[in-house]
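Engineer: Mind folding the following:
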Amino acid sequence: MWAVLLGSIFKKSGRLRLPDFSERREVLALAIVGGLSIIGVIAGKNFKREAKKLSNAGSSNAIAKVSEIAIGTSINIVDNFGAPAIIFRTKSGVFAYSAVCTHQGCTVELDKNSKHLICPCHGAEYDPANSAKVLGGPTNVPLPKVKISVKGDEIFLI
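Structural biologist: Residues are numbered from 1 along each chain as shown. Below you'll find the model as predicted:
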């Protein structure tokens, strides 16, 4: 449809010419293009979908229990945006960070020997006991924190 309208604007001369709508074809092409545009807008309004709930943020459901995470270990979770995250427990508390490496987006994993978060793709290393600061590798940006709250023994996403 747009090709018909553009064809009538440029014709064979290749120069820009605004249609004067003196020919039936030009009026018909404009009516068809305009009508289809209006139909598309009206139809689009009927296809609204609600976003899927990806986490229990704001709900009363705990994502984990502190007692289930041994000191110096971690568990994997999904954050409020559906991205991988990791909860790490130390003697001083429970901390949550994005599990997405700030270098190129690979998912970090806890190394059981060093107790550091390691990116398997390029070797970035983060210290979860110290605000996920960078210890080595190709990045200098720490892992972002994931907001959690601890109430008693239960951990909640905020």
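Engineer: which non-adjacent residue is nearest residue 146?
Structural biologist: residue 96 (3.9 Å; CB to CB, 6 or more residues apart in numbering). Heads up, the C-betas are built off the backbone N, CA and C, glycines and all.
Engineer: Format the CA atom coordinates belonging to the strand or helix carrying the one you found as PDB.
Structural biologist: Assigned by DSSP states H and E, residue 96 falls within strand 93-98. Output of strand 93-98 as PDB, limited to C-alpha atoms (Å, rounded to 0.1, in the frame of the first residue of the first chain):
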ATOM      1  CA  GLY A  93      25.000 -11.300  57.600                       C
ATOM      2  CA  VAL A  94      23.300 -12.200  54.400                       C
ATOM      3  CA  PHE A  95      24.000 -10.300  51.100                       C
ATOM      4  CA  ALA A  96      22.600 -10.500  47.600                       C
ATOM      5  CA  TYR A  97      24.200  -9.500  44.400                       C
ATOM      6  CA  SER A  98      23.400  -9.800  40.700                       C
END
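Engineer: avg pLDDT for it?
Structural biologist: Averaging pLDDT along strand 93-98 yields 96.
Engineer: got it, and stretch 128-148?
Structural biologist: 95.
Engineer: which strands and helices sit next to the strand holding residue 96?
Structural biologist: strand 84-90, strand 148-151 (3 or more CB pairs under 8 Å, 6 or more residues apart in numbering; DSSP states H and E).
Engineer: Not counting its own residues, what contacts it?
Structural biologist: 66, 69, 77, 79, 83-89, 117, 126, 128, 131-132, 143-148, 150, 155 (CB atoms under 8 Å, 6 or more residues apart in numbering).
Engineer: repeat that for 7 Å
Structural biologist: Residues outside strand 93-98 that contact it (CB atoms under 7 Å, 6 or more residues apart in numbering): 66, 69, 79, 83, 85-88, 128, 132, 143-146, 148, 150, 155.
Engineer: try stretch 108-123
Structural biologist: 72, 74, 86, 99, 101, 103-104, 106, 125-128, 132, 135, 137-138, 143.
Engineer: among the helices and strands of this structure, which has the poorest mean pLDDT?
Structural biologist: Least confident element among the helices and strands of the chain, by mean pLDDT, DSSP states H and E: helix 2-10 (a mean of 54).
Engineer: Measure how buried residue 132 is and give me the count.
Structural biologist: 24 (other CB atoms under 10 Å).
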